[in-house]
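>>> Only the shape, not the letters, is given here:
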């Protein structure tokens, strides 16, 4: 059932990312690489643990004695257990990948020699379970989803049913799901199968049947900035609600730039009514192209809602690394009017402002990455 | 004159870091590596700029047109200019290294083939000029130096002249200088010559004669999280005051663990009256050893003032990666009483508390790394 609702063929994505010349090597965010990385989770994590144990063992006897009295050896055992706990989820995701992508992911011999696992991207996805689908992530969601949903709530509920919303870079899909719960015809769009496999794990009748079915210890991989071992090893259950695809929520697993404006057969109108970009535009390698494409995908008069910082991919990978005022100027050049910039009478909820927020944060840690993210609403000039 | 006041021989440090077996390769924080990195600053930065220019040139014509209208090509030229501006400082530091370490740093042919420049450590040092010695860094200094200096201000000024304070990991020396200005006999201790060469540049009569003599554009190396090009390219002048070594401030350029307790010839007493660790203890590869050594260096009844987070060197490099409660337990085990933990009547200024603070931050950026650093005062049990 699921495959009908999922748009796009993951095999096409390889060419989008690497071009056909490199077709032999699966794309960085492909099913193959993501599945291999989930499959490697346990082994790579245990390898890290071994390095920590070896380092501890090199301590002089008197310091090992102090370590023992502190419970540090027990702490390393708890880390070992937490890897097993988390592996219940990562291995289930590998099973799902085998079931839903039998051509891409073989039943055995999963790992091609040229596919090394990317542990950091697996851990990032696990943290998104917490941010998107747990009680622990609730405050973070309220802060960043709130201003966006407030704009979407203004439309009359009966009108929403005919309106289309696109959420590119949808990750584990909570924001898109929230939008769909408001009654909009919502398309979640995500390129990375690190995210898509994890989201499918939640969407799957086979793997996720009830709230709080799964458990992670999402913070154990980094001992830094922790106040106590209990904080470090705390468990988080998810999902708080069980998401399902349907007429109001579809998933397009493809590059954002390959999307085309939807066409309403009844009215003949083309384009989304809203495009919502949350922590998305700065992931572009060419943000000018991204803003043009957002504009192209909207119907005339359609709105672009954005919230996020400007963390460009450095080292000359991003074609341009713009400041905020430059991004807003590009938005104007490609045909957007930003609410409240020139029109004084824009509603307050649409006015450009700074939202201080976090991103998949550990709220108990001794360190916070605090974004001064910028919120704005742009209207496609008719 | 300077060399008399500087303790320790940098050549000994090589063995401390790498052991005598690797004597051929200069230590990571050695004069040689630091000088080579300062010498490479301009070339490595220009290399990054070239990658950004090449990436921009690959844009389709229409996007280059937008980029030109935005002033992006001008922005890349401003980056080029800022590299020249910053290189006035880095090249002066190389000159100083040649003058003060003629044996370690040859006049020509500076770069040994096995010494690649570490651009990130050079940039870190440049940011410390801003944090420690500019008006721009004032608020950050107030937040983190304030609680420490408050404890030191309680001692009667006349008594301070006989008291010794050690500041390990002193970086560019502002905190140690502030302590010395209170009248304490202060030892700044720093292992890394990325820091020590930069501090010597300020201390040198030849290189720094007057306040605000030097200028940096410290934020230009990272285009992310900027609101405007003007914010990105803003200049910072330093130093706000000109530091000098003297009887009340000496610099020990050596590994902290190689320091020995000072001996007062008149009284026969041994040990420092205060050890102040700011963003320091978590840099240890063995924090148990570090806490023991702080204890060893203090006189009985002496005080350890700490402020910082717990960002351990990961990947099994640190022998133990402790949580806050574990660090406090080690402190107790090695012989400290932490103020306010068991004694209710500790003065409020000494009580353990969380200080929200930043570290060499760009205060105008769209991103903040906010530490929930912990402050405490430990007394060496008599």
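All right, it came through fine. Everything numeric here is computed off the predicted structure, so don't read it as measured data.

>>> What is the longest helix along chain A packed up against?
Longest helix in chain A by number of residues, with DSSP state H as the criterion: helix A:72-100. If contacts are counted by 3 or more C-beta pairs under 8 Å, 6 or more residues apart in numbering or on different chains; DSSP states H and E, helix A:72-100 sits against helix A:31-57, helix A:119-133, helix A:193-203, strand A:214-216, helix A:229-232. For glycine as for every other residue, the C-beta is placed from the backbone atoms N, C-alpha and C.

>>> partners of the shortest one, with directions?
Read it as strand A:214-216. For strand A:214-216, the pairing partners within the sheet under DSSP bridges are strand A:236-238 (antiparallel).

>>> just the helices and strands packed on helix A:72-100: most buried one?
helix A:193-203 (a mean of 26; mean count of other C-beta atoms under 10 Å in any protein chain shown).

>>> What residues does the stretch 101-250 of chain A have near chain B?
Taking C-beta under 8 Å from any C-beta of the partner chain as the measure of proximity, the stretch 101-250 of chain A contacts chain B at A:222, A:223, A:224, A:225, A:226, A:227, A:228, A:229, A:231, A:232.

>>> For these, give me JSON lines that also has pLDDT.
Listed next are these as JSON lines, based on pLDDT from 0 to 100:
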{"residue": "A:222", "pLDDT": "95"}
{"residue": "A:223", "pLDDT": "96"}
{"residue": "A:224", "pLDDT": "96"}
{"residue": "A:225", "pLDDT": "96"}
{"residue": "A:226", "pLDDT": "96"}
{"residue": "A:227", "pLDDT": "96"}
{"residue": "A:228", "pLDDT": "96"}
{"residue": "A:229", "pLDDT": "94"}
{"residue": "A:231", "pLDDT": "96"}
{"residue": "A:232", "pLDDT": "97"}
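
>>> what's residue A:97 in contact with, if anything?
Applying C-beta atoms under 8 Å, 6 or more residues apart in numbering or on different chains, one finds that residue A:97 lies in contact with A:31, A:34, A:35, A:38, A:104, A:105, A:197.

>>> switch the cut-off to 7 Å
Counting by C-beta atoms under 7 Å, 6 or more residues apart in numbering or on different chains, residue A:97 makes contact with A:31, A:35, A:105, A:197.

>>> With residue A:35 instead?
Residue A:35 makes contacts with A:94, A:97, A:105, A:110, A:197, as judged by C-beta under 7 Å, 6+ apart.

>>> angle of the host helix or strand of residue A:177 against helix A:193-203?
Secondary structure assigned from DSSP states H and E places residue A:177 in helix A:174-181. Interaxial angle, helix A:174-181 versus helix A:193-203 (axes from the mean of the first three to the mean of the last three C-alpha atoms, to 10 degrees): 40 degrees.

>>> The residue in the stretch 101-250 of chain A positioned nearest to chain B: what secondary structure?
Distances from the stretch 101-250 of chain A to chain B, computed as C-beta to the nearest C-beta, single out residue A:223 as the nearest residue at 3.5 Å. Here residue A:223 is coil, with the state taken from DSSP: H, G, I helix; E, B strand; the rest coil.

>>> Please list all residues in contact with it.
With C-beta under 7 Å, 6+ apart as the criterion, the residues that contact residue A:223 are A:232, B:312, B:321.

>>> gap between the second one and residue A:226?
With distances taken as C-beta to C-beta, to the nearest Å, residue B:312 is found 10 Å from residue A:226.

>>> Mind checking which of these two has more residues around it?
Between residue B:312 and residue A:226, residue A:226 has the larger neighbour count (other C-beta atoms under 10 Å in any protein chain shown), namely 26 against 23.

>>> tell me the phi and psi of the residue in the stretch 251-382 of chain A positioned nearest to chain B?
Here the residue of the stretch 251-382 of chain A nearest chain B is residue A:316; by C-beta to the nearest C-beta that distance is 2.9 Å. The phi and psi values for residue A:316, taken as degrees, to the nearest 10, are phi 80, psi 10.

>>> center of chain A - which residue?
The structure's chain A has its C-alpha centroid closest to residue A:171; by C-alpha atoms, centre = their mean the separation is 2.6 Å.

>>> Where does that residue fall, secondary structure wise?
Here residue A:171 is assigned to no helix or strand, by DSSP H and E.

>>> Spatially, which residue comes closest to it, not counting chain neighbours?
Sequence neighbours aside, residue A:195 is the residue nearest to residue A:171 in space, at 4.9 Å (criterion: C-beta to C-beta, 6 or more residues apart in numbering or on different chains).

>>> Give me the pLDDT value at the closest residue to residue A:222 other than its chain neighbours.
Distance criterion C-beta to C-beta, 6+ apart; nearest residue to residue A:222, sequence neighbours excluded, is residue B:314 at 7.1 Å. According to the per-residue confidence, residue B:314 scores 88 in pLDDT.

>>> what does residue A:21 give?
43.

>>> likewise residue A:162?
Here the pLDDT value assigned to residue A:162 is 93.

>>> Could you check how many residues crowd around it?
Under the criterion other C-beta under 10 Å, the count of neighbours that residue A:162 has is 14.

>>> Could you look up the SS state of it?
Classification of residue A:162 by three-state DSSP places it in coil.

>>> Residue A:275 now?
Applying three-state DSSP to residue A:275 yields a three-state assignment of strand.

>>> Touching, it and residue A:169? I think so.
No. The criterion here is C-beta atoms under 7 Å, and residue A:275 misses it with residue A:169 at 10.9 Å.

>>> near chain B, anything from the top strand by length along chain A?
The longest strand of chain A (DSSP state E) is strand A:367-380. Yes. Strand A:367-380 comes into contact with chain B when judged by C-beta under 7 Å from any C-beta of the partner chain, the residues involved being A:367, A:368, A:369, A:370, A:371, A:372, A:374.
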